[in-house]
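Visitor: following is a predicted model, sequence given first.
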Amino acid sequence: MPATRVPASIFLTGLAVLTLAGCAAPAGSADPSASVDPAAEAPATALEPATITLYTSEPQEKADALVAAFNEIHPEVTVEIFRAGTGDLTARIAAEQESGDIGADVLLAADAGTFENYAADDLLLEYTPADADKLDPALVDPEGFYTGTRIIPTVIAYNTSLITEPPTSWADLTDAAYADKIVMPNPDVSGAAAYNAAVWLDEPALGEEWLTKLAANKPVIADSNGPVSQAVATGTQPVGIVVDYLVRELAAQGSPIAVAYPEEGVPFVSQPAGIFADTESPEAAQAFVDFLISAEGQTLAVEQSYLPVRSDVGTPEGAPALDDLTILAPDLETIRSTQDAAVETFRDLFLK
């Protein structure tokens, strides 16, 4: 089934109803009548002391901030962080699956397709977190094995000191003018990049023909989105394919970098969270997942430049209105079944 061009106001209905009017507002600036004051919520019930391990692709500083904020609510829970790129995380989990001992209690990374695979292998605990009803249903697994925690589109970034007329479409990037000027992440490392490869190949307006033409421009392949954004910000490569929040962060810090949302549509991942079925501390793990989509957790997500998954916490400064975007929303089962082949196609075109 080909990817569908769906306006975000349709695809993310629950979010759009309350947030569209304020999507370009600064963090925490949602309509007060619709907002939730995290401090006004009932205090959490203390849990039995426990230690859980979080596997995540979040940058270390952001993961540390997540845990610190969670510990303000649940100081009795120790969260140990193992941080790596999504490709490294999935490889580690595969090795642990073979040995019969998954080392993590909670996974926060990647895309829904990855979690669907883990659920199919009976690796995940069935759990629908508190406040899941405040999220768009498209971001919550109906069987309860995982929940989206951020909306992370992949876009075109460009250095404003070097590019005067930025590309406005994925097709623009195949122009010979961009030869040797593009940088993009490696799908062997980045879960978002692996997902994107499958989405692009499934999209009729793009497909393998577009990917082949893009490869002819010889993009630099960086390990992950972080190095991509840095390369664009420093001008090492003037154009990049990268997740949007990194561009906002660097622009806010004064870097000459801006974002273009391609007219064909943007793929996005929701960085789900799920709990491994063999966790020895299910209540602590559940409390951590609850926190991620709570008003407190989502307010922190906005402060960290992410588009939130709930509508009552504002949006990052400089973020676009969701109804101004076209979302590439392919059939999830199609992406699951084709992602490995899509990554192999990417390797053949870009890495050999």
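Guide: Looks like it arrived, so ask away. Computed from a predicted structure; not experimentally measured. Numbering: from 1, shown residues only.

Visitor: which secondary element of the chain has the worst mean pLDDT?
Guide: helix 13-19 (a mean of 40; mean pLDDT, DSSP states H and E).

Visitor: ok, the residue lying farthest from the centre of the chain - contacts?
Guide: Using CA atoms, centre = their mean, the residue of the chain lying farthest from its centre is Glu48. It sits 31.5 Å away. Taking CB atoms under 8 Å, 6 or more residues apart in numbering, we find Glu48 in contact with Glu76, Glu283, Ala284. In this view, the C-beta of every residue, glycine as well, is placed from N, C-alpha and C.

Visitor: return a ChimeraX selection command for the buried portion of those residues.
Guide: Under the burial definition 16 or more other CB atoms under 10 Å, those of the contacts of Glu48 that qualify are selected in ChimeraX by:
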select :284
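
Visitor: buried sites along the longest helix along the chain?
Guide: Longest helix of the chain, by residue count under DSSP state H: helix 332-350. Neighbour-count burial for helix 332-350 flags Thr334, Ile335, Arg336, Thr338, Gln339, Ala342, Val343, Thr345, Phe346, Leu349, Phe350 (criterion: 16+ other CB under 10 Å).

Visitor: likewise stretch 167-177?
Guide: Residues of stretch 167-177 classed as buried: Pro167, Ser169, Trp170, Ala171, Asp172, Leu173, Thr174 (neighbour count, 16+ other CB under 10 Å).

Visitor: the residue nearest to Leu125 when sequence neighbours are not counted - how many residues pack around it?
Guide: Nearest in space to Leu125, with sequence neighbours left out and distances taken as CB to CB, 6 or more residues apart in numbering, is Ile275 at 4.2 Å. Using other CB atoms under 10 Å, Ile275 has 26 other residues around it.

Visitor: so which helix or strand takes in Ile275?
Guide: strand 272-275 (DSSP states H and E).

Visitor: by contact count, what packs against that strand?
Guide: strand 106-108, helix 112-120, strand 147-148, helix 282-293 (3 or more CB pairs under 8 Å, 6 or more residues apart in numbering; DSSP states H and E).

Visitor: where along the chain do the strands fall?
Guide: 4-7, 50-56, 77-83, 106-108, 147-148, 152-159, 182-185, 220-222, 239-243, 257-260, 268-269, 272-275, 326-329 (DSSP state E).

Visitor: out of these, which is closest to Val313?
Guide: strand 147-148 (14.5 Å; CB to CB).

Visitor: just for the stretch 101-250 of the chain, where's the confidence low?
Guide: In the prediction, the stretch 101-250 of the chain carries no residues with pLDDT under 70.

Visitor: can you pull out the helices in it?
Guide: Counting by DSSP state H, counting those that start in this stretch, the stretch 101-250 of the chain has helices at residues 112-120, 191-202, 207-216, 225-234, 244-252.

Visitor: a markdown table for the ones you listed, including distance to Pro137 and mean neighbour count?
Guide: Putting those into a markdown table (distance: least, CB to CB, whole Å; neighbours: other CB atoms under 10 Å) gives the following:
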| stretch | distance to Pro137 | mean neighbour count |
| --- | --- | --- |
| helix 112-120 | 13 | 20 |
| helix 191-202 | 20 | 26 |
| helix 207-216 | 29 | 16 |
| helix 225-234 | 27 | 23 |
| helix 244-252 | 23 | 22 |
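
Visitor: redo the ones you listed as JSON lines? Include distance to Asp131.
Guide: Formatted as JSON lines, the helices of the stretch 101-250 of the chain follow (distance: least, CB to CB, whole Å):
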{"stretch": "helix 112-120", "distance to Asp131": "19"}
{"stretch": "helix 191-202", "distance to Asp131": "24"}
{"stretch": "helix 207-216", "distance to Asp131": "39"}
{"stretch": "helix 225-234", "distance to Asp131": "28"}
{"stretch": "helix 244-252", "distance to Asp131": "22"}
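
Visitor: to Ala69, which of those lies closest?
Guide: Judging these by CB to CB, what sits closest to Ala69 is helix 244-252, at 17.7 Å.

Visitor: what's next to that closest one, contact-wise?
Guide: Residues outside helix 244-252 that contact it (CB under 8 Å, 6+ apart) are 152-155, 157, 225-226, 228-230, 232-233, 257-259, 261, 304-307, 316-319.

Visitor: return the distance of Pro167 relative to Ile182.
Guide: 9 Å (CB to CB, to the nearest Å).

Visitor: my bad, Thr334
Guide: From Thr334 to Ile182 the distance is 27 Å (CB to CB).

Visitor: about what we covered before: report the contact partners of the residue nearest to Leu125.
Guide: With CB under 8 Å, 6+ apart, Ile275 has these contacts: Asp105, Val106, Leu107, Leu124, Leu125, Tyr127, Pro282, Ala285, Gln286, Val289.

Visitor: just give me the neighbour total for the second one.
Guide: Meaning Val106. Neighbours of Val106 (other CB under 10 Å): 23.

Visitor: surely it meets Glu58?
Guide: No. At 11.7 Å, Val106 does not count as touching Glu58 under the criterion of CB atoms under 8 Å.

Visitor: what about Val199, distance to Trp170?
Guide: On the measure of CB to CB, Val199 and Trp170 end up 11 Å apart.
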